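Undergrad: have a look; sequence and predicted model below, questions after that.
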Amino acid sequence: MTLALARSEPLLQADDLSVTFATAGRRVEAVRGVSLAVHRGEVLAVIGESGSGKSTLARAILGLTPPHSGTLRLDGERVPLAVTARSRVQRRKLGMVFQDSGAAFNPRFSVARILNEPIRLLGGDAGKGAAEELLDAVGLSGALLGRRPHELSGGQRQRVGIARALAGNPEVLICDEAVSALDLSVQAQILNLLADLLLRRGLAILFITHDISVVSYLADRIAVMHQGKIVESGPASAVLDTPRMAYTRTLLASAPEPVLRG
Ligand SMILES: Nc1ncnc2c1ncn2[C@@H]1O[C@H](COP(=O)(O)OP(=O)(O)OP(=O)(O)O)[C@@H](O)[C@H]1O
């Protein structure tokens with residue numbers, strides 16, 4: 001998917017990020033010294049089994065779970081790990097797509113309200129057809145603006161989730177299991193949409209999934225996470241075709257056939 005753009009600063013760069021949870025007298029090192037970089041027009045997939053630390057890594061980058069050490073840069077600019085007024089503004093460069101975006105929507109809100117909330121919050125003009133433009137960007141008709149989440153299909157809800165993530169005009173999309181809850185045919189449509197947005201908007205995508213069958217289509221590079229660490233990374237074809245680590249080979253061996261091939 002990589003655009004033929006001159007290499008500059010990565011849009012997203014994390015160095016030596018670590019996150020530790022202390023619960024009930026037990027320390028869990030969920031993310032251990034993770035470094036990664038994603039450039040404009042590029043998809044980096046982070047794969048790993050459940051509990052390997054993928055979601056914690058995403059949450060740390062988003063400032064939802066502060067890391068205890070490491071550095072984070074967005075578009076070359078250092079972002080404080082702790083959430084501050086300034087880091088909140090800096091993190092507007094990030095958009096987040098969750099596994100089941102619909103579950104996060106207020107069931108009483110219309111699609112228009114779901115989209116207008118972040119538009120207003122980010123200082124945009126919610127009255128000027130911005131929500132309709134967002135729907136258009138994700139391949140949905142403005143006719144859905146009056147619908148409630150339960151009146152949408154799973155695929156439509158995920159498209160609205162992506163539209164909401166785009167509301168702040170982010171440069172980086174962090175997709176955490178963004179297609180894992182969808183039927184195979186709908187997965188393919190959403191992967192195509194993400195590929196399309198990547199090219200049209202010049203985004204960088206960090207695509208987190210336990211499901212290796214979806215990464216061969218979208219990912220330029222793959223980082224394999226195991227017990228909080230990145231144990232192997234490289235171009236997608238190299239990691240998928242000639243994995244170096246036994247862990248990666250086991251992970252790949254347990255994967256179903258790819259949804260789409262790149
Ligand atoms: N808030 C928390 N408090 C304590 N431990 C946590 C917390 N969140 C995650 N963990 C632990 O951190 C480790 C990594 O979890 P994480 O959810 O990041 O993994 P994951 O790869 O995203 O898995 P999954 O896909 O199942 O969510 C696990 O051992 C998990 O139990």
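TA: Yep, it's here.
Undergrad: doesn't S50 fall inside a strand?
TA: No - secondary structure of S50 (DSSP: H, G, I helix; E, B strand; the rest coil): coil, not part of a strand.
Undergrad: quick check: it vs L191, distance?
TA: Distance, S50 to L191, by CB to CB, to the nearest Å: 21 Å. From N, CA and C alone the C-beta is placed, and that goes for glycine too.
Undergrad: so which bits of this protein are right by the ligand?
TA: Contacts of the chain with the ligand, taken as CB under 6 Å from any ligand atom, map to 21, 23, 28, 30, 48, 50-56, 210.
Undergrad: contacts for the host helix or strand of R200, please.
TA: When secondary structure is defined by DSSP states H and E, R200 falls within helix 184-201. The contact list for helix 184-201 (CB atoms under 8 Å, 6 or more residues apart in numbering) reads 1, 3, 41, 43, 137-139, 153-155, 158-159, 162, 166, 173, 175, 178-179, 182, 203, 205, 207, 214, 217-218, 259-260.
Undergrad: C-terminal to it, what's the next element?
TA: strand 204-209.
Undergrad: other SSEs contacting that following strand?
TA: strand 26-38, strand 43-47, helix 54-62, strand 172-176, helix 184-201, helix 215-218 (3 or more CB pairs under 8 Å, 6 or more residues apart in numbering; DSSP states H and E).
Undergrad: so for the helix holding R200, what gets flagged as buried?
TA: V186, Q187, A188, Q189, I190, L191, L193, L194, A195, L197, L198 (16 or more other CB atoms under 10 Å).
Undergrad: and the angle for that helix with strand 204-209?
TA: 160 degrees (axes from the mean of the first three to the mean of the last three CA atoms, to 10 degrees).
Undergrad: what's the mean pLDDT across helix 184-201?
TA: Confidence over helix 184-201 (mean pLDDT, whole number) is 94.
Undergrad: likewise stretch 23-42?
TA: Stretch 23-42 comes out at a mean pLDDT of 94.
Undergrad: off-centre distance for the helix or strand bottoming out on mean pLDDT in the chain?
TA: Every helix and strand of the chain was ranked by mean pLDDT, DSSP states H and E. The lowest is helix 101-104, at a mean of 77. Relative to the chain's own centre, helix 101-104 is displaced by 15 Å; criterion: CA atoms, centre = their mean, to the nearest Å.
Undergrad: same thing with stretch 95-111?
TA: 15 Å.
Undergrad: how about that stretch: buried residues?
TA: Buried residues in stretch 95-111, counted by 16+ other CB under 10 Å: G95, M96, V97, F98, Q99, D100, S101, G102, F105, S110, V111.
Undergrad: repeat for stretch 123-139
TA: G124, A126, A130, A131, E132, L134, L135, A137, V138, G139.
Undergrad: any idea how far the last one is from the ligand?
TA: Put plainly, it is G139. 27 Å (CB to the nearest ligand atom, to the nearest Å).
Undergrad: low-confidence ranges in this protein?
TA: 1-7, 124, 126-128, 257-262 (pLDDT under 70).
Undergrad: ok, L44 to N106 distance?
TA: L44 sits 32 Å away from N106, going by CB to CB.
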